[in-house]
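Student: The following comprises the amino acid sequence and a computationally predicted model.
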Amino acid sequence: MGAPVAAPPAAAPSPGGSPAHHGKAAVEGSATWRLTDRIGLAICWALGLLFCAIAVAIVVYLLVQGLKFLKPSMLVTPASAGFTQSESGGFSDALFGTLIVAVMGISLALPIGVGIAVWLVEYGRPAGLARLTESTIEAIAGIPSIVLALFGTVIFSSTALGFLSRTSGGVVFGRSFFAASTMLSLVALPLIVASTREGLGSIPRHVREASYAVGKTKAATTRRILLPASRPQIATGAMLGLGRIIGDTAIIVVLLGATQNFAPVGGAFPFNYLRGAGTTLTNFVYEASPTGNLNQPQKAYAAAFVLLLLVLALNAAVDVVHRRARKVGTWSS
Amino acid sequence: MELVTPPPPPIRRLELEDPNAARQVASPAHDENGATPAPGGFTGARRSIGAPQFSIRRMEIDDVSVSYSNREAVKAVSLPVRQGEVLAMIGPSGCGKTTLLRSLNRLTELTSTATLRGRILLDDVDITLIEPTLLRRRVTMVFQQPNPFPMSVFDNIAYVLREQGSRRQRKKSLEPRVHSALDRAGLFEEVKDNLDHPALKLSGGQQQRLCIARALAAEPEVLLLDEPCSALDPQSTQVIEDLIVKLRDDVAVVIVTHNLQQAYRIADHVAFMYLGELVEYNSATALFGSPREQRTQEYVSGAFG
């Protein structure tokens, strides 16, 4: 490297005009850095660009393939048996299945997760139990979902929970939307707890005290001040959790039965479906991919594309929440 | 290869702008109030507060000690708190003035290690006998950092007026009380067209006045201010000081400050605390002009602290 390396800057900073510490003007050029630092910076840049490239590649590839193979009819036709891809219907059951487990899973995980986080951050007593809960949740976060699925079969095959799935001759099948959604909510729970704790933890203590200092109880403060202020982080956690729920395959295969269609059992309308087996988009993609039983790769691409759109929509929704929160502003530290 | 690193820019310590200087430029009209300059390093300071019209004893701090675990932060302090007067607590950092202030509305109880001995009376009733949420509506507090709640200007006040977490009582019925609270804090004229705007988008000084309005909305008997101007610029500081002076007839005002000039400008009585002890309690002119205690003399003349 023979490049002439920065001499002391020609214009020494004038003693009075110290540069502004905020804003764009303060960005420091790397021209004066040591060589190793500049190489490090270059590597960071390259890696950042690489990840962008990977993400763009995935989205563009799926977009192209998806648009090529996706037909609107696939979204409303259930899968059916057939010899060719044109005969085997679409994946409406899988799409609805994904929506069902997403809604059920998150509506279990969100209140429980936020509740646990509020208790840990705002109350935290008895301290021993709080610590135990913390490590339990971390443990759940580390358990592979296939293990959760296996555990779920034990629970949901018990006679006591027979009303949640198909039962015949005293044998509880233990495979249903109820079973899958419950275990999927465990997958989402640690993410929601973590991000809610982060949100609550970022609220300065004096803000809570300001609410107590006008005679508000802890409960009122949590409901009206702390939770609304943590909304962006809670939304992020819910989004990450939802992403995990709709992306999970192991629990679907083991606990939802992974049929290609809804398999309703007896009972009143929504419950007959929820107690029965079904499928989701991830499972459909797996089965339709060249390694699966259906072997209809074009539909795999189409379904994967729909899955991707769902995830992108979630991202956009969280973005909206964050943008609204920025409009409300935050406390100067 | 030798790499030449440019010399670091010279570190320049900016003199903190004396809020007093700004005050003199901004409002020479203050000269008539207590124009006699006090000795003891207070030649430049102006009193912006006249003699109290009346004084009613609201709170009585009686031999109060507060300790955190084993460390005693406040040692056997006795003080009166009167409506019609501004009481300033001064002293170096860590002298226990904020702890004492927070014990007046039992905020110290939120710290599990804190224990309090002695008695604090509010209108002759021991505050430990008053339900904390009730007490904290009668003795409200404004903090060092402006901390409006992340909602609209209107809702910040309405939150105080409503029952706990309830959303009951519609906007319309709360409007007069919200407006009057904002008005008492001198903020109404500035925000009346923007009551729906998020409170955290106001300027720092406006945020702090909103916090005062919030504290006043509960119709308290005592208003506690914990260094309310330390995060603000001189202009906002002056606006808030003027407001505090105006408020003293409606509520008993207790302000903690480590800005001696500020205490001199706006307080009727000053309590000087040092290492948890109450060293001297006297009228502001006496404490700054002719302190009885050696330590007070040294502190107000800038010998330490």
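Tutor: Perfect, I can see it now. Numbers count the residues shown, from 1 in each chain, chains lettered A, B, ... in the order given.
Student: Do a quick rundown of the strands in chain A.
Tutor: A:167-168, A:171-172 (DSSP state E).
Student: For the first one, which strands pair with it and how are they oriented?
Tutor: So the one you mean is strand A:167-168. With DSSP bridges as the test, strand A:167-168 is paired with strand A:171-172 (antiparallel).
Student: centroid residue for chain B?
Tutor: B:L225 (2.3 Å; CA atoms, centre = their mean).
Student: how much space between that one and B:A303?
Tutor: 27 Å (CB to CB, to the nearest Å). Where you see a C-beta, it was placed from the backbone N, CA and C, and this is true even at glycine.
Student: Only alpha carbons, please: show stretch B:61-77 as CSV.
Tutor: Taking C-alpha atoms only, stretch B:61-77 is exported to CSV below (Å, rounded to 0.1, in the frame of the first residue of the first chain):
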residue,chain,number,x,y,z
ILE,B,61,-41.2,17.0,59.2
ASP,B,62,-40.5,15.8,62.7
ASP,B,63,-37.2,14.2,63.5
VAL,B,64,-37.1,12.2,60.3
SER,B,65,-34.3,9.8,59.4
VAL,B,66,-34.2,7.7,56.3
SER,B,67,-31.7,4.9,55.7
TYR,B,68,-30.9,2.7,52.8
SER,B,69,-29.9,-0.7,54.1
ASN,B,70,-27.2,0.4,56.6
ARG,B,71,-26.4,3.9,55.2
GLU,B,72,-28.3,6.7,56.8
ALA,B,73,-29.2,9.2,54.0
VAL,B,74,-31.2,11.6,56.1
LYS,B,75,-30.4,12.2,59.8
ALA,B,76,-33.0,13.4,62.2
VAL,B,77,-34.3,16.3,60.2
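Student: contacting residues around B:A185?
Tutor: B:A185 sits next to B:209-210, B:212-213, B:216, B:243 when contact means CB atoms under 8 Å, 6 or more residues apart in numbering or on different chains.
Student: On the pLDDT front, check it for me.
Tutor: Reported pLDDT at B:A185 in the predicted model: 92.
Student: nearest residue to it other than its sequence neighbours?
Tutor: Closest residue to B:A185 apart from its sequence neighbours, by CB to CB, 6 or more residues apart in numbering or on different chains: B:A213 at 3.5 Å.
Student: tally of neighbours for the one you found?
Tutor: Number of residues near B:A213 (other CB atoms under 10 Å in any protein chain shown) recorded here: 28.
Student: so what's the nearest residue to A:L108 once chain neighbours are set aside up against?
Tutor: Excluding its sequence neighbours, the residue lying closest to A:L108 (CB to CB, 6+ apart) is A:S185, at 3.8 Å. Counting by CB under 8 Å, 6+ apart, A:S185 touches A:104-106, A:108-109, A:112, A:245.
Student: ok, 7 Å please
Tutor: A:S185 is in contact with A:105, A:108-109, counting by CB atoms under 7 Å, 6 or more residues apart in numbering or on different chains.
Student: before we move on, the earlier item: just the contacts of B:A185 now: which is nearest chain A?
Tutor: Taking CB to the nearest CB as the measure, chain A sits nearest to B:L216 out of these, at 10.0 Å.
Student: Quick check: which element contains that closest one?
Tutor: For B:L216, the element it lies in under DSSP states H and E is helix B:204-217.
Student: Go through that helix and flag the buried ones.
Tutor: Neighbour-count burial for helix B:204-217 flags B:205-217 (criterion: 16 or more other CB atoms under 10 Å in any protein chain shown).
Student: do the same with stretch B:114-132
Tutor: Within stretch B:114-132, the residues scored as buried using 16+ other CB under 10 Å are B:114, B:116, B:120-122, B:127, B:130, B:132.
Student: right, and the secondary structure at B:F272 would be what?
Tutor: When classified by DSSP: H, G, I helix; E, B strand; the rest coil, B:F272 comes out as strand.
Student: That one: what's it in contact with?
Tutor: B:90-91, B:279-280, B:287, B:296, B:299.
Student: if we go to 10 Å?
Tutor: B:F272 sits next to B:88-92, B:95, B:97, B:260, B:263, B:278-282, B:287-288, B:291, B:293, B:295-296, B:299-300, B:305 when contact means CB atoms under 10 Å, 6 or more residues apart in numbering or on different chains.
Student: my read: B:Q208 touches B:P148, true?
Tutor: Yes. If you go by CB atoms under 10 Å, B:Q208 and B:P148 touch, sitting 8.9 Å apart.
Student: joint contacts of these two?
Tutor: Contacts common to B:Q208 and B:P148, judged by CB under 10 Å, 6+ apart, are B:L202.
Student: As CSV, the buried residues of helix B:204-217 with distance to A:P190 and pLDDT would be great.
Tutor: Formatted as CSV, the buried residues of helix B:204-217 follow (distance: CB to CB, whole Å; pLDDT from 0 to 100):
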residue, distance to A:P190, pLDDT
B:G205, 43, 92
B:Q206, 41, 94
B:Q207, 36, 95
B:Q208, 40, 95
B:R209, 43, 94
B:L210, 38, 96
B:C211, 37, 96
B:I212, 42, 95
B:A213, 42, 95
B:R214, 37, 95
B:A215, 40, 95
B:L216, 44, 94
B:A217, 41, 94
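Student: Just flag the most distant two among these.
Tutor: Taking CB to CB, the two most distant members of these are B:G205 and B:A217; they sit 18.7 Å apart.
Student: coming back round to it: which helices and strands sit right next to the helix holding B:L216?
Tutor: Applying 3 or more CB pairs under 10 Å, 6 or more residues apart in numbering or on different chains; DSSP states H and E, we find helix B:204-217 packed against helix A:205-212, strand B:139-142, helix B:153-161, helix B:171-184, helix B:188-191, strand B:222-226, helix B:234-247.
Student: Tell me which of these is the most buried.
Tutor: Highest mean neighbour count of these: strand B:139-142, a mean of 28 (counted as mean count of other CB atoms under 10 Å in any protein chain shown).
Student: Now do that strand: which elements does it pack against?
Tutor: Strand B:139-142 packs on helix A:205-212, helix B:97-103, helix B:204-217, strand B:222-226, strand B:252-256, going by 3+ CB pairs under 10 Å, 6+ apart.
Student: ok now it, how far from the chain's centre?
Tutor: 9 Å (CA atoms, centre = their mean, to the nearest Å).
Student: from memory A:R197 sits against A:G115, does it?
Tutor: No. Assessed by CB under 10 Å, A:R197 is found out of contact with A:G115, at 11.8 Å.
Student: Comparing these two, which residue is more hemmed in?
Tutor: A:R197 (22 against 13).
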